[in-house]
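Visitor: sequence and computational prediction follow.
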Amino acid sequence: MSEYENDTHSLIVGYILWIFGILGAHRFYFGKPISGTIYFFTFGLFGIGWIVDLFLMPSLERGAERRYKQGYLDYTVGWILLTFVGIFGIHRFYMGKWLSGALYLLSGGVFLIGIVYDFWTLNDQISEENTA
């Protein structure tokens with residue numbers, strides 16, 4: 001690993017999410033929310049982009065590691081919490097955002113709109129917390 005790279009995102013987790021990549025999960029994880037959204041609505045660019053991403057995965061990981069800051073919060077933990085229990089705000093509690101975590105808990109992830117917002121911004125939120 002060079003001095004310019006962090007160990008922020010896991011390539012193994014990326015490949016696991018790639019299995020669900022037809023819905024853009026791996027793209028969101030590696031900080032590509034626009035293409036993640038496109039993949040979600042087009043089923044991985046009709047399956048073609050999904051297959052191409054099998055070979056692009058190491059590049060996506062390197063890009064995420066250059067862009068996001070390593071620190072006390074783990075990106076993979078944050079993404080697992082958002083993906084599986086995000087509606088309860090557990091990922092927000094993990095980041096120390098107690099007020100919004102409680103709001104998510106009481107409102108179903110602020111009526112799911114907050115969940116969509118967090119899929120777009122979780123990497124940036126964690127990176128910001130790691131540099132604070």
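Guide: Okay, I see it.
Visitor: now the residue nearest the centre of the chain: how far from residue 108?
Guide: Note on the chain: the residue nearest the mean C-alpha position is residue 29, at 3.1 Å, using C-alpha atoms, centre = their mean. Counting by C-beta to C-beta, to the nearest Å, the gap from residue 29 to residue 108 is 23 Å. For glycine as for every other residue, the C-beta is placed from the backbone atoms N, C-alpha and C.
Visitor: how about the helices of this protein, start to end?
Guide: 11-19, 25-29, 33-46, 48-67, 75-85, 90-94, 98-111, 113-131 (DSSP state H).
Visitor: deepest-packed of these, please.
Guide: With neighbours defined as mean count of other C-beta atoms under 10 Å, those peak in mean count at helix 25-29, which reaches a mean of 26.
Visitor: what's the average pLDDT for it?
Guide: Mean pLDDT, computed over helix 25-29, is 96.
Visitor: contacts for it?
Guide: 9, 13-15, 17-18, 20-21, 33, 35-36, 39, 53, 57, 60, 64, 75, 79, 83, 119-120, 122-123 (C-beta atoms under 8 Å, 6 or more residues apart in numbering).
Visitor: one more pass at 6 Å, please.
Guide: 14, 17-18, 35-36, 39, 79, 119 (C-beta atoms under 6 Å, 6 or more residues apart in numbering).
Visitor: just stretch 70-86 next, same as before
Guide: 6, 8-10, 13, 29, 90-91, 94, 109, 115, 118, 122, 126, 129-130.
Visitor: equivalent analysis for stretch 107-125, please.
Guide: By C-beta under 6 Å, 6+ apart, stretch 107-125 touches 28, 31, 33, 68, 78, 82, 86-87, 104.
Visitor: between which two of the residues you listed is the distance greatest?
Guide: Across the contacts of stretch 107-125, the longest distance by C-beta to C-beta is 24.3 Å; it joins 68 and 87.
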